[in-house]
Structures are given as structure tokens and as C-alpha cells.
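Trainee: model this:
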Amino acid sequence: MKRYFEFAGRTRTLLATFVATALFLFLVFPSLPINGEMLDMKPGYSYDEAMAAMEEYGPDGRTTYAWGSMVLDTLFPLVYVTFFAGLIYRFRLTEGTWWLAFVPVVAGIWDLGENVQITAMLVGYPDLDPGQVASASAFTTVKGYIGPVYQLLGIGLLLVAAVRRLFNRARSGGDQG
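Mentor: Predicted coordinates:
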């Protein structure tokens, strides 16, 4: 796994996965013609809210959403996990903290589990089990809590590295004058 983190932390990999993550978030997912808000973008939902969303999507929207969930939303976790795992690994504070790069990996696995559940609901509509909806909603809710953890961790480590670099430059520049 450490080799994957090393690969993910390379400059080119970070740039490519950053661009791909942004494209998914700002172009691909918003342009899916599903006629409503994606369930996995909500903080959670009740059985009645899920049923109303499924009805709002309509048959074509449900088919598009199911396809998108199993294809696009399987690729998306691979991209954002690689980006954030690489960011965390590359800018870790010490060699012993490399394992923090597993946080986005766990989030990506969780996201894939959520996708399977949402796809099952989309395909199974209108015969949705309230327990299935509750489970899918719980996955969505937990994903909403895990996301900020790895995002703040990655961005925080990047900022710490940038501040350290600025201080080191100022210190080395000040010693020469």
C-alpha cells in the first residue's frame, strides 16, 4: 500500500487527480440528467424522501442515476482517494505518520458501499425496503462526516508544508544578507 501512496504523492499524479476530481464535481455529476438532487449528495434522507426522489427522477432519471452510480461514482472515489491519499502522504509531518493516508482510502471504500446501496434502491424502485433506505442513508450520513476529516487533513498538511517552506526560505535568505 505504501507504494500506492508514493505513486499518489507524485506531483504529476496529484495534479492529474486534482483536475479529475474537480471535473467530476463541477462538470460530470451536475450535468447528469436525473431530474433531481442525487441522494448521495444529501446529508441523509428518510424513506419518504427517498421515495419522493425516486419518483422525481422518473424511469429515465433512475436508469441514468444507477448507471452513473455504478460507473462514474466508482471511478470518482478512485480519483479523489488517490488525490487526498497522495496529498496526505506527500506532506505528512513525519515519516511515522504515513499511515494517515489510509483515511481517504477508508472513505472511498465507504463511498463504494453507499453506491451499491443507492444503485440497489434505484433498480428496486418502487419496492424499496425501509431498512435498505435507512442503511443507505446511514452510509450517506457517515460519508458526510468522513469527507471533511480527510479533506481538512490533506489541506492542513499542505498548508503546514507551505508555511514551513516560506519560513525556511526567509531564514536562509536572511542568513545570506
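Trainee: mind listing what the closest residue to residue 85 other than its chain neighbours touches?
Mentor: Nearest residue to residue 85, sequence neighbours excluded (Cβ to Cβ, 6 or more residues apart in numbering): residue 101, at 4.3 Å. Quick note: C-beta positions are derived from backbone N, CA and C, even for glycine. Contact analysis of residue 101 by Cβ atoms under 8 Å, 6 or more residues apart in numbering lists 5, 8, 85-86, 88-89, 92.
Trainee: is it true that residue 5 touches residue 85?
Mentor: Yes. In this structure, residue 5 is within contact of residue 85 by Cβ atoms under 8 Å, at 5.7 Å.
Trainee: on that earlier part again, of the contacts of residue 101, which belong to helices?
Mentor: Using DSSP state H to define helices, the subset of the contacts of residue 101 located there is 5, 8, 85-86, 88-89.
Trainee: Tally up the residues packed near the residue nearest to residue 103 when sequence neighbours are not counted, please.
Mentor: What sits nearest to residue 103 in space, not counting adjacent residues and going by Cβ to Cβ, 6+ apart, is residue 150, at 4.5 Å. Neighbourhood size, residue 150 [other Cβ atoms under 10 Å]: 25.
Trainee: The one 3 residues further on now?
Mentor: Applying other Cβ under 10 Å, we find 19 other residues in the vicinity of residue 153.
Trainee: which secondary structure elements does the helix or strand where it lies contact?
Mentor: Using DSSP states H and E, residue 153 sits within helix 130-176. Secondary-structure packing of helix 130-176 (3 or more Cβ pairs under 8 Å, 6 or more residues apart in numbering; DSSP states H and E): helix 47-70, helix 72-90, helix 102-124.
Trainee: in the shortest one, what counts as buried?
Mentor: If you call a residue buried by 16 or more other Cβ atoms under 10 Å, then helix 72-90 has these buried ones: 73-74, 76-77, 79-90.
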